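Visitor: Quick check, what structure comes out for this input:
(chains A and B)
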Amino acid sequence: MSPKTLYDKIWDAHVAHEAEDGTCLLYIDRHLVHEVTSPQAFEGLRMAGRKVRAPEKTIAVPDHNVPTTAGRDDPKNMTEDSAIQVAALDSNAKEFGIHYYPVSDVRQGIVHIVGPEQGWTLPGMTVVCGDSHTATHGAFGALAHGIGTSEVEHVLATQTLIQKKSKNMKVEITGKLRPGVTAKDITLSVIGATGTAGGTGYVIEYCGEAIRDLSMEGRMTVCNMAIEGGARAGLIAPDEKTYEYCKGRPHAPKGAAWEAAEAYWRTLYTDEGAHFDKVITLKGEDIAPVVTWGTSPEDVLPITAAVPAADDFEGGKVGAAQRSLDYMDLKPGTPLSEIEIDTVFIGSCTNGRIEDLRAAAAILKGKKKKDGLRAMVVPGSGLVRAQAEEEGLADIFKEAGFEWRLAGCSMCLAMNPDQLAPGERCAATSNRNFEGRQGRGGRTHLMSPQMAAAAAITGKLTDVREMM
Amino acid sequence: MQKFTKLSGIAAPLPLVNIDTDMIIPKQFLKTIKRSGLGVNLFDEMRYDDDGNEIPDFVLNKPQYREAQIIVAGDNFGCGSSREHAPWAIADFGITCVIAPSYADIFYNNCFKNGILPIALPQEQVDVLMKDAEKGSNARIEIDLEAQTVTSSDGETFSFEVDPFKKHCLMNGLDDIGLTMEKAASIDTFEAEASAARPWV
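Guide: Got it, this is the predicted structure:
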């Protein structure tokens, strides 16, 4: 038998039907659902008189436009259109009999944080959600990717997706990371190296010592942004850390079922000699704490660098870089560490897990945010929030002058009231710095939680290594 | 779904790389629970000022492009979020074809579910069509899905690739779900075998 990649193995284990032209029906083990990309799909089912084929494999949670302030379980405290979407999810979950975590439930949170936390996401599974950051679940060695609403409806009705196989890409991060360098710096640096379309048509497997050394939280951060590099999904082979994380979670198997599952999971790795269509290798020790300067996640530079000029680029990117510089109101040659900010946002499916909050709190402990700066922490789930309170992290954030919010997507995409005003500049731990992403006219610099915490203290983009 | 077979239309030039789905339809318009009515907000933040007035310089606000049925754009069109609101907004505006050197994967798939044909052509050919598009209503670009060709207003013809299954569905306006349900027996068999092999799933 020819050697297989991890992606090949998971793919092969899920093909329910293959047509002569290679078009497959891929069986879906877990379907995660949120309020923004699902109402039209449920409506489609109703109109056609169809049911959800596997309600026991379908999990819903409102996250994208829920407020993160107290009193939000009263719809009167939501904008009317948000309340309608959340109410639609409430009633669709009931009508179709799927698992559901309402806003009032402590387990509510960002769908990509709730899935792993509750043990819904397990190695070797296929996981989809109407959200591009579904790639996050690849950290468990699960084939996970975002889909559109028509595909959400297709999965609800048939528990399958019409797919053709992607190509295999290997991203290897060798050696050790230097102090102050995180999973976020890895994933941004990879996108900086490949561009936002570098992964288009591929499923990426991340490997190498620096990836193995990451915690599950860090691995989720890396896979989360696979989509920003254009890849359909990112994968990391499961290992002891993966099993340790999954064991005992509410929906993880128990007893003999666990033993059988773990034995299977141990077969989920890329065989020696398996073929990759594209290989990228970065040295862990070459990766620095990075920030983005422009309006594409590929606009990445080490914090020690300066704002580039449009002429530094080639082809269509010259115009795009000039447009970014204008939008971001930045002058070429300005050291990145001199860029002043108005807002700090710590949270999102990229960096809203407990380890992220610990890392930010370690920098903020005993310090205060700069006067006049707005800073908020939005935990990724109610359980992350509760744990952070128990560990005393919430007190550190509050004493530093941060707002301590309830769980949700919040200012990552600014569908709820957490938004930037035009011209405001934000140090954000989220995943996209697109024009208007965090609010019309808002300017976003992406970075790690540590770097965002450091920026909160000084009021400008800051090399966190100077504070360690 | 609306069928797509042939199209002869005006193309709007958008010579930008990495046009993302937040540009195509900003998040404030994702709060709808319907698929229709998003065309008026297509490219909203580029198209309207803070007071909601049209920005005259934006291509879709120019008189010659108000009836555009095609967009010609730069590399990596549709990158970013999975929101199907992006193709919904494009289709609702009346655009049923996009021509660009490359697309983000999820957006590309979403187009085919909504009667939109995304055509990928080499940069030099997109450059020719971009020039054509800049001529406004004086130039019509012709697309023939059956023949898989794009013809410029000067009669220059380019061939494009499209997956045969996607082409078949688009040309016949077929509903994916109905097609898949015809294979229900295969899904039943797979499900039974998979749950025996991996009972913890």
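
Visitor: Spatially nearest residue to B:Val126 (excluding sequence neighbours)?
Guide: In this structure, B:Val126 finds its nearest non-sequential neighbour in B:Pro101, 5.3 Å apart by CB to CB, 6 or more residues apart in numbering or on different chains. Every residue, glycine included, has its C-beta placed from N, CA and C.

Visitor: residues contacting that neighbour?
Guide: Contacts for B:Pro101 (CB atoms under 8 Å, 6 or more residues apart in numbering or on different chains) come out as B:Gly74, B:Asp75, B:Ala120, B:Leu121, B:Pro122, B:Gln123, B:Val126.

Visitor: and the two most separated of the residues you listed?
Guide: B:Gly74 and B:Pro122 (12.9 Å; CB to CB).

Visitor: Pick out whichever of those two has more residues nearby.
Guide: B:Gly74 (22 against 10; other CB atoms under 10 Å in any protein chain shown).

Visitor: Secondary structure class of the residue lying closest to that one once chain neighbours are set aside, three-state.
Guide: Once flanking residues are discounted, B:Gly74 sits nearest to B:Val17: 3.8 Å by CB to CB, 6+ apart. Following DSSP: H, G, I helix; E, B strand; the rest coil, B:Val17 is assigned to coil.

Visitor: now swap in the one 5 residues further on and tell me
Guide: Secondary structure, three-state DSSP: B:Asp22 is helix.

Visitor: and it, how many neighbours?
Guide: 23.

Visitor: Is it in contact with A:Arg440, as I believe?
Guide: No. B:Asp22 is not in contact with A:Arg440 according to CB atoms under 8 Å; the separation is 10.4 Å.

Visitor: all helices for the stretch 201-350 of chain A, in order.
Guide: Ranges of helices within the stretch 201-350 of chain A are A:209-212, A:216-224, A:240-246, A:255-265, A:316-328, A:348-351, based on DSSP state H, counting those that start in this stretch.

Visitor: Could you say which of the ones you listed is packed most deeply?
Guide: helix A:348-351 (a mean of 30; mean count of other CB atoms under 10 Å in any protein chain shown).

Visitor: Dump the helix or strand following that one to PDB, keeping only the CA atoms.
Guide: Per DSSP states H and E, the first helix or strand lying C-terminal to helix A:348-351 is helix A:354-364. Coordinates of the C-alpha atoms in helix A:354-364 are reproduced here as PDB (Å, rounded to 0.1, in the frame of the first residue of the first chain):
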ATOM      1  CA  ILE A 354      -7.300  30.100  28.800                       C
ATOM      2  CA  GLU A 355      -3.700  29.900  27.800                       C
ATOM      3  CA  ASP A 356      -4.100  33.100  25.800                       C
ATOM      4  CA  LEU A 357      -5.600  34.900  28.800                       C
ATOM      5  CA  ARG A 358      -2.800  33.500  31.000                       C
ATOM      6  CA  ALA A 359      -0.100  34.800  28.700                       C
ATOM      7  CA  ALA A 360      -1.700  38.300  28.400                       C
ATOM      8  CA  ALA A 361      -2.200  38.400  32.200                       C
ATOM      9  CA  ALA A 362       1.400  37.500  32.900                       C
ATOM     10  CA  ILE A 363       2.500  40.700  31.000                       C
ATOM     11  CA  LEU A 364      -0.200  42.900  32.600                       C
END
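
Visitor: Buried residues of helix A:354-364, list them for me.
Guide: A:Ile354, A:Glu355, A:Asp356, A:Leu357, A:Arg358, A:Ala359, A:Ala360, A:Ala361, A:Ile363, A:Leu364 (16 or more other CB atoms under 10 Å in any protein chain shown).

Visitor: Outside of it itself, list whatever touches it.
Guide: By CB under 8 Å, 6+ apart, helix A:354-364 touches A:182, A:215, A:217-218, A:221, A:346, A:377, A:379, A:384, A:387-388, A:391, A:393, A:396-397, A:400, A:402, A:429, A:448-450, A:452-454, A:456-457, A:464, A:467-468.

Visitor: so who does B:Phe165 touch?
Guide: Going by CB under 8 Å, 6+ apart, the list of residues near B:Phe165 reads A:Ala19, A:Asp21, A:Thr23, A:Ile162.

Visitor: could you pull out the helices for chain B?
Guide: B:21-24, B:44-47, B:85-93, B:105-112, B:123-134, B:164-172, B:176-181, B:184-197 (DSSP state H).

Visitor: wait, the stretch 351-468 of chain A
Guide: Under DSSP H, counting those that start in this stretch, the stretch 351-468 of chain A gives helices at A:354-364, A:382-390, A:393-399, A:449-458.

Visitor: I'd like to know which of these lies nearest to A:Pro302.
Guide: Per CB to CB, nearest to A:Pro302 of those: helix A:449-458, 11.1 Å.

Visitor: Could you check how far the closest one is from the centre of its chain?
Guide: 20 Å (CA atoms, centre = their mean, to the nearest Å).

Visitor: How about stretch B:127-144?
Guide: Relative to its parent chain, stretch B:127-144 has a centroid offset of 17 Å by CA atoms, centre = their mean.

Visitor: Now for the nearest residue to A:Ile59 once chain neighbours are set aside, how many residues are close by?
Guide: Leaving aside its sequence neighbours, A:Ile59 sits nearest to A:His99 (CB to CB, 6+ apart; 4.4 Å). By the criterion of other CB under 10 Å, A:His99 has 17 neighbours.

Visitor: right, and out of the contacts of B:Phe165, which lies closest to chain B?
Guide: A:Thr23 (4.7 Å; CB to the nearest CB).

Visitor: show me what contacts B:Ile119?
Guide: B:Cys97, B:Val98, B:Ile99, B:Ala100, B:Ile143, B:Val150, B:Phe160, B:Val162.

Visitor: got a winner among the residues you listed for most neighbours?
Guide: B:Val150 (28 neighbours).

Visitor: And it, how close does it get to B:Asp132?
Guide: 10 Å (CB to CB, to the nearest Å).

Visitor: Residues contacting stretch A:385-396, please?
Guide: A:Val106, A:Ile354, A:Leu357, A:Arg358, A:Ala361, A:Leu364, A:Lys365, A:Pro379, A:Trp404, A:Leu406, A:Ala407.

Visitor: repeat that for 6 Å
Guide: A:Ile354, A:Leu357, A:Ala361, A:Leu364, A:Lys365, A:Pro379, A:Trp404, A:Ala407 (CB atoms under 6 Å, 6 or more residues apart in numbering or on different chains).

Visitor: got JSON lines for the residues you listed, with pLDDT too?
Guide: Shown next, in JSON lines, are the contacts of stretch A:385-396 (pLDDT from 0 to 100):
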{"residue": "A:Ile354", "pLDDT": "98"}
{"residue": "A:Leu357", "pLDDT": "98"}
{"residue": "A:Ala361", "pLDDT": "98"}
{"residue": "A:Leu364", "pLDDT": "98"}
{"residue": "A:Lys365", "pLDDT": "98"}
{"residue": "A:Pro379", "pLDDT": "98"}
{"residue": "A:Trp404", "pLDDT": "98"}
{"residue": "A:Ala407", "pLDDT": "98"}
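
Visitor: from those residues, which two are the most distant?
Guide: Most distant of those, by CB to CB, are A:Lys365 and A:Ala407, 22.7 Å apart.

Visitor: For those two, indicate the residue with more neighbours.
Guide: Counted by other CB under 10 Å, A:Lys365 and A:Ala407 do not tie: A:Ala407 has more neighbours, with 28 against 15.
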